[in-house]
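Asks: With the sequence up front, the predicted model follows.
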Amino acid sequence: MKQNIRRLWLMVCVAFSLFALSACTAAEDSSENLDEVLSDVLCTATEEILKSYTGLSAEEIDEQEAIALKQKDNVSAGLFAAWKGVREDTGAFVEVLSSRAFATDDGYECIVSANFAERKVEFKAFYEDGSMGMPVPTSFSFTPEYSTGEKLAKAGMNTVMGMGTVFLVLIFISLIISCFKFINTFENRARKAAPAAPAPAPAPVAAVEEEELSDDLELVAVITAAIAAYDNTSADGLVVRSIKRASGAKWKRA
């Protein structure tokens, strides 16, 4: 396969060299059409590339793509990847219907319209001037022609898939939100089931119970008589309203 491609590009180089020696140059303005000789060379080369690559089996395509990737041949790898993406929709190659080449701002472009088993396909090849002034391919693309019904079916399928994905996400979010109440119930049950921590014991407060001694009549009488004797007065004018026990230190000093 690689030898066939090299032979094909060798033919292109020879044809382009002959074209250059004959002093037939392309138009200076990129918007003008190419010279007939250069146009024929590009169209022939593009048609041969289309026939060679689309004639490979699925196993050969995978093998050649792996080789191209290993050799870092991104142009060939991109062509294999593009063909694999449309191969099932187009079927096998049948014939070339038409081809045309023209100059662009970046180089050259060749468009080949071909018939495949399932549908028509537009194959585009883009070229740029190489180091020797000869066109070198930079990229390729396949554009199958789908019917209106097929386009509507694909658009409908994409719409259904997009809306279905959105609704599934919304349903999932709703389920998560609805689970919050169960989480709250579970937390409340867990709190009730957990044993309550014992309340801390209150700090002991020294209660000073004031002993009321004013009801002790004998003690009142004795204290009244002592005060009256001390003041050298009569006990009739003294009224004891309250008697409180003094601290031990004061009693000792007394």
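Replies: Alright, I've got the coordinates.
Asks: For burial, what's the neighbour tally of the nearest residue to residue 109 once chain neighbours are set aside?
Replies: Leaving aside its chain neighbours, residue 109 sits nearest to residue 126 (5.4 Å; criterion: C-beta to C-beta, 6 or more residues apart in numbering). In this view, the C-beta of every residue, glycine as well, is placed from N, C-alpha and C. Neighbours of residue 126 under the rule other C-beta atoms under 10 Å: 18.
Asks: so what's residue 126 bridging to?
Replies: The partner list for residue 126 in beta bridges (DSSP bridges) reads residue 109, residue 139.
Asks: what's the neighbour count on residue 92?
Replies: Neighbours of residue 92 under the rule other C-beta under 10 Å: 10.
Asks: Over to residue 178?
Replies: 9.
Asks: any idea how far residue 152 is from it?
Replies: Separation of residue 178 from residue 152 (C-beta to C-beta, to the nearest Å) stands at 38 Å.
Asks: Kindly report the same for residue 74.
Replies: Separation of residue 74 from residue 152 (C-beta to C-beta): 35 Å.
Asks: Do a quick rundown of the helices in this protein.
Replies: Assigned by DSSP state H, the chain shows helices spanning 2-21, 36-54, 58-70, 74-90, 148-178, 180-193, 217-231, 248-253.
Asks: Which one of the ones you listed lies nearest to residue 109?
Replies: Using C-beta to C-beta as the measure, helix 36-54 is the one of the helices of the chain that comes nearest residue 109, at 8.7 Å.
Asks: So which elements touch the closest one?
Replies: Contacts defined by 3 or more C-beta pairs under 8 Å, 6 or more residues apart in numbering; DSSP states H and E place helix 36-54 against helix 2-21, helix 74-90, strand 93-103, strand 108-116, strand 120-129, strand 135-144.
Asks: show me the contacts for the residue nearest to residue 109.
Replies: 104, 106, 107, 108, 109, 137, 138, 139, 140 (C-beta atoms under 8 Å, 6 or more residues apart in numbering).
Asks: filter those residues to the buried ones?
Replies: The neighbour count (16 or more other C-beta atoms under 10 Å) marks 107, 108, 109, 137, 140 as buried among those.
Asks: Closest to residue 64 out of those residues?
Replies: Taking C-beta to C-beta as the measure, residue 64 sits nearest to residue 140 out of those, at 13.9 Å.
Asks: With residue 81 as the reference, measure out to the closest one.
Replies: Distance of residue 140 to residue 81, computed by C-beta to C-beta: 10 Å.
Asks: Same question for residue 44.
Replies: 24 Å.
Asks: ok, now how distant is the nearest residue to residue 118 once chain neighbours are set aside from residue 116?
Replies: Once flanking residues are discounted, residue 118 sits nearest to residue 91: 3.9 Å by C-beta to C-beta, 6+ apart. Using C-beta to C-beta, residue 91 is found at 5 Å from residue 116.
Asks: One more: residue 168?
Replies: For residue 168, the distance to residue 116 equals 37 Å [C-beta to C-beta].
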